[in-house]
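Trainee: What would the 3D arrangement of this be:
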Amino acid sequence: MIRNNPFHVILRMVAIGFAASGPGSMAAADSAGPIPPSARFPQQGGQALYEAICQGCHMPDAEGAKGAGAYPALTANKKLEEGGYPVHLVVYGQKAMPAFGGFLSDEQVADVVNYIRTHFSNNYDTPVKPDDVKAIRQPDYNYVKLD
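Mentor: Numbering: from 1, shown residues only. Predicted coordinates:
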């Protein structure tokens, strides 16, 4: 089923654009769900993922933004202290934040969460591991699909 609200349309466009410009396939040995590897974000590493996905709303300096919507600042954010919280938000989304769980591998989620938790005046050095992400994913969860 295609969701036609503006947010889902934009999310599909971004995912399709990255899939078209990225490598033909990516490793799928994770729990990211039914999205084919070719539709996932090709970026690897926390900084590259943040720059490609997150900074459009949270801004390059992670200060957040207000305008058409409210995008919270990630700088010196105490909510990021417990690694499970940002993992859950990245995988499942919340309010205006989309769910990226179907478009990112467990390793990519861990990488971007670790990047945010160790940059932008955040000093949470207990790393999130791909197995932590896998543990948060619900079996048979229906992630946003492109078709």
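Trainee: which residues does the closest residue to G64 other than its chain neighbours contact?
Mentor: Excluding its sequence neighbours, the residue lying closest to G64 (Cβ to Cβ, 6 or more residues apart in numbering) is A73, at 3.6 Å. All C-beta spots, glycine's among them, are computed from the backbone N, C-alpha and C. Applying Cβ atoms under 8 Å, 6 or more residues apart in numbering, we find A73 in contact with H58, A62, E63, G64.
Trainee: For the last one, which residues are in contact?
Mentor: Going back to what we said before, that points to G64. H58, A70, Y71, P72, A73, L74.
Trainee: hmm, 10 Å instead?
Mentor: G64 sits next to C57, H58, A70, Y71, P72, A73, L74, T75, N77 when contact means Cβ atoms under 10 Å, 6 or more residues apart in numbering.
Trainee: Mark which of the residues you listed are buried, thanks.
Mentor: Buried residues within those, counting neighbours by 16 or more other Cβ atoms under 10 Å: H58, Y71, P72, L74, T75, N77.
Trainee: For those residues, please prepare CSV with the additional fields secondary structure, pLDDT and distance to F120.
Mentor: CSV is the format used below for the buried ones among the contacts of G64 (DSSP: H, G, I helix; E, B strand; the rest coil; pLDDT from 0 to 100; distance: Cβ to Cβ, whole Å):
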residue, secondary structure, pLDDT, distance to F120
H58, helix, 94, 9
Y71, strand, 89, 14
P72, coil, 92, 12
L74, coil, 96, 5
T75, coil, 96, 4
N77, coil, 96, 8
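Trainee: No further queries at this time; thank you.
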